[in-house]
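[1] sequence plus the predicted model coming up.
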Amino acid sequence: MSFEGPEGARAEALSPDAAAPVGTEAPEGGSSGREGEPQPEPPPVYRGADLLVEVLKEEGAEMLFGIPGGATINFYDALYNSGIPYVLARHEQGAIHAADGYARISGKVPVVTGTSGPGSTNLMTGIANAWFDSVPMVIIAGQVSTSVMGTDAFQESPIFSMTMGITKHNYQLMRGEDMPRVVKESFYLARTGRKGPVLIELPKDMTSNEIPYRKPVEMQLRAYNPKPKIDRALVEKVKRDLARAKRPVIVAGAGIVHAGASELLRAFVEKARVPVVHTLLGLGTLPSDHPLSLGMGGMHGTVWANMALHECDFLLNIGSRFDDRLTGALEHFAPRARIAHVDIDEAELGKVIAEDYPIHGDAREALEILLDGAVDPSPSEEWLAYLESLRREYPLWYRTDRPYLQPQRVVQIASELASDDVIVVTDVGQHQMWVAQFFRFRRPGRFVTSGGLGAMGFGLPAAIGAQIADRDALVLAFVGDGGFQMTVQELILLREYDLPVKVLLFNNNSLGMVRQWQELFYEERYSATLFNIQPDFMRLADAYGVVGRRVKTEEEARAVLEEAFRTRAPYLIEFVIDPMANVLPMVPPGNGVHEMEGVKPQ
Amino acid sequence: MKQLLALKVNDHPGVLHRITGLFLRRGFNIATITVGACEEPGVSRMTILLEVADERVKDQVRKQLAKQVDVLEVEDLTERDAVTRELCLVRVEAPLKMRSDLQSLIQPFRAQLIDVGFETVVVEVTGSPAKIDALLDLLRPFGVLEIVRTGLAALPRERQTGNGRAALKEGRGVEV
């Protein structure tokens, strides 16, 4: 359904009970005109909430996540017969992280709603998360009516100014007639250029007032250019210089995933014989077992990836923003390399590193140019052999001298048993890094994690969104006992929406990553990181109607994972892991990436 | 170092907040900022004078501004030849017997008295910040009671092709 023209369309576009047609009469006064004189047809008029639903449909909004409230009740009323499915979360943070997971797997733009005041402030973490990881979504934040805005009315918060710094753009919708344009622009901004969250602040009267609707809608984005013209000559120069480099390396970031350019990356590096360091969000752009994949670089990267960063003479960064978790201390980052950087966001060029080849453009376009014509392999076989020798000498390792289940081993077993199209979701913390280190990613775009913001509580709801986006896939949600308890209430959605997500809970009875830092850098002063008492997670599983299993040994781990993977039911599997297991190796804060600790068992 | 920027922005509520919020977040230090209508309906012009650490920050400021959806144009006037003006109002203690001294002092600055009382006067002056600073220094001995400055407004000059003397002869690009 869509609006085809101003007249007659209304009856067809809106379900009969959703809107009372009120637009056929001319507005009072003024335009009633004299007999016989042709009058311009007045635009049809809709209740704001119905109009909003219709323009959302026109933009292809297929999935909505949120919780209703007083300020958005008219909108939910209009949704009643709209056919747009919504996911009713139990907390707005759960709703928006679910939308985030949905967006990353489906490639679509979900809509997230929260009511005014607390509903919207509860969305803030999720908005910031989408902003940091460039995830497209449109957020509709309810607001009190314009007549009382600014009076500290019940459930009012200044969400427009509060979200300015964590959205790609935001709108305060103060005139009903702007609604179609604003919605259209929001979707366009969210899904083009550097993707991201766009928020519309929607005062309640915008949904109850009658709004005239005129089509077509002109967007007013005159300076916005999502398709920068890439400097072709500069990319060609990068190609030539990369081929001459003796120790070249490519850093593959999430920009490649967003551009859907993983296949091009693979084709290029295979021809050019250049090894690839992945960022956390760039994992999977090459399969983990690809001979040219060095795994993840940075704070918890592999030794060979970090030495590649440190010793390279030419570094080509495609679609990563040189986050400090990747670079370590900047004075030691790629000190001998000329640096080329491809980014869709011009402001990322020169922000952290003064590049020698700043390339403003899309990752796909850059890779197409790199692949155009013959690709000379760089004379780097010696370099590859060196990195391979590091891989053999300093493999990732975990402790085998303790009578506890080692979490890394669980990740390995899960990776081994999972199908190729598995979707891996993590929360934030130690388990996230263990997954990044030990899971073998086989397909691009199937790893969902909170990279830039590091938002604990992300994992379970994001897995829910991911499973909604791909109902047939095996979805694994790796969570720690800390982050899991931040959004644990969303477990009920697994039952409610029939989502067979497997939640792999790594329980070390602590906020593990902070505990690890306290162990290593604060003389084992475990201030506020140990949980003295925990809920019974198995009874929790029972309460939420998911299958619960507690696992303490490797054998149990394998058996339970096998069982869970072949059963179409949601599982909560609690792995009681070594409480002192650490994420190693690591680059201590302030060090260069070549100065790693814990590269070998003590 | 200083950076002088001329922006064209959408004349929407919240745009100034968006720009200053960006500066705050990124730690860019605003010296002065002025906003007003310009030749285009629905568009405002902002003139921003910043204190920046180095060329890279300068470049970063420009890019961060340019990526804002509400920012239509960013022009860096720092290196360009531009006319800049600031308006300053200053209330000075000026007993009647000092008035003529004051008058003769401010005249070369093309400043004028725009409010006259028994004890104080208000002086209005426009010009470059340096000129205003100079006048304020001269006024201080009288007793400066209140100062208000608008911050810079700036426009690039017409491009000058020939040498300065030729431009002068033809009356092009001359600050008057």
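    Sure, I can see it. Numbers count the residues shown, from 1 in each chain, chains lettered A, B, ... in the order given.

[2] now do the contacts for residue A:598.
    A:582, A:584, A:585, A:586 (CB atoms under 8 Å, 6 or more residues apart in numbering or on different chains). In short, each C-beta sits where N, CA and C put it, glycine included.

[3] ok, now with 10 Å
    A:300, A:397, A:520, A:582, A:583, A:584, A:585, A:586, A:588 (CB atoms under 10 Å, 6 or more residues apart in numbering or on different chains).

[4] tell me the SS of the residue nearest to residue A:322 when sequence neighbours are not counted?
    Nearest non-adjacent residue to residue A:322, counting by CB to CB, 6 or more residues apart in numbering or on different chains: residue A:352, 4.0 Å away. Put simply, residue A:352 is coil when judged by DSSP: H, G, I helix; E, B strand; the rest coil.

[5] one step back: and the furthest pair within the contacts of residue A:598?
    A:397 and A:588 (18.1 Å; CB to CB).

[6] sorry, back to before: next, count neighbours for the residue nearest to residue A:322.
    Residue A:352: 17 surrounding residues under other CB atoms under 10 Å in any protein chain shown.

[7] hang on, the earlier thing: filter the contacts of residue A:598 down to the ones in helices?
    When the contacts of residue A:598 are checked against helices (DSSP state H), the matches are residue A:520.

[8] neighbour-wise, which of the contacts of residue A:598 leads?
    Neighbour counts for the contacts of residue A:598, by other CB under 10 Å, peak at residue A:300, which reaches 24 neighbours.

[9] strands - which of the contacts of residue A:598 land there?
    Applying DSSP state E to the contacts of residue A:598, no entry is found in strands.

[10] and whatever residue of chain A ends up closest to chain B, what is it in contact with?
    Closest residue of chain A to chain B, CB to the nearest CB: residue A:347 (4.0 Å). Each residue near residue A:347 by CB under 10 Å, 6+ apart is listed here: A:194, A:321, A:360, B:26, B:59-68.

[11] where's it relative to residue B:28, distance?
    Between residue A:347 and residue B:28 the distance is 13 Å, computed by CB to CB, to the nearest Å.

[12] which residues do these two both contact?
    Joint contacts of residue A:347 and residue B:28 (CB under 10 Å, 6+ apart) are B:60, B:61, B:64, B:65.

[13] for residue B:29, see how far away the first one is.
    Same thing as residue B:60. Counting by CB to CB - residue B:60 and residue B:29 are separated by 13 Å.

[14] those two: which has the busier surroundings?
    Using other CB under 10 Å as the criterion, residue B:60 and residue B:29 rank with residue B:60 on top: 20 against 11.

[15] the more buried one reaches residue A:351, doesn't it?
    Yes: between residue B:60 and residue A:351 there is a contact under CB atoms under 10 Å: 5.8 Å.

[16] list residues touching both of the two?
    residue B:26.

[17] give me the domain ranges for chain B.
    What automatic domain parsing lists as the domains of chain B is B:2-80, B:83-154.

[18] just say helix, strand or coil for the residue of chain A closest to chain B.
    helix.

[19] apart from its chain neighbours, what residue comes closest to it?
    Nearest one to residue A:347, counting by CB to CB, 6+ apart, is residue B:63 at 4.0 Å.

[20] in what helix or strand does the one you found lie?
    Under the criterion of DSSP states H and E, residue B:63 resides in helix B:55-66.

[21] helices or strands next to that helix in the packing?
    strand B:2-10, helix B:15-26, strand B:43-51, strand B:71-76 (3 or more CB pairs under 10 Å, 6 or more residues apart in numbering or on different chains; DSSP states H and E).

[22] just give the number of residues close to the residue in chain B that chain A sits nearest to.
    Here the residue of chain B nearest chain A is residue B:63; by CB to the nearest CB that distance is 4.0 Å. For residue B:63, the number of neighbouring residues by other CB under 10 Å comes to 18.

[23] what do residue B:60 and residue B:29 both touch?
    Between them, residue B:60 and residue B:29 share these contacting residues under CB under 10 Å, 6+ apart: residue B:52.

[24] interface residues of chain B facing chain A?
    B:8-10, B:12-14, B:17-18, B:21-22, B:24-26, B:42-43, B:55-57, B:59-74 (CB under 10 Å from any CB of the partner chain).

[25] can you tell me which of these are buried?
    The neighbour-count test (16 or more other CB atoms under 10 Å in any protein chain shown) marks B:8-10, B:14, B:18, B:22, B:57, B:59-72, B:74 as buried among the residues of chain B next to chain A.

[26] and the helices in the stretch 151-300 of chain A, which stretches?
    In the stretch 151-300 of chain A, the helices defined using DSSP state H, counting those that start in this stretch lie at A:159-162, A:179-191, A:204-208, A:232-244, A:254-258, A:262-272.

[27] how about stretch A:283-297: buried residues?
    Quick answer for stretch A:283-297 (16+ other CB under 10 Å): A:283-288, A:290, A:292-297.

[28] any stretches of chain A with poor pLDDT?
    By pLDDT under 70, the low-scoring segments of chain A are A:1-37.

[29] repeat the analysis, applying 90 as the threshold.
    Scanning chain A for pLDDT under 90 picks out A:1-44, A:212-220, A:378-380, A:602.

[30] what residues does it have near chain B?
    Counting by CB under 10 Å from any CB, chain A sits next to chain B at A:160-161, A:164-166, A:168-172, A:174, A:185, A:189, A:193-194, A:198, A:220-225, A:345-354, A:358, A:360.

[31] now, of the residues you listed, which are buried?
    Among the residues of chain A next to chain B, the ones that count as buried by 16+ other CB under 10 Å are A:160, A:164, A:166, A:168-172, A:174, A:185, A:189, A:193-194, A:198, A:221, A:223-224, A:345-353, A:358, A:360.
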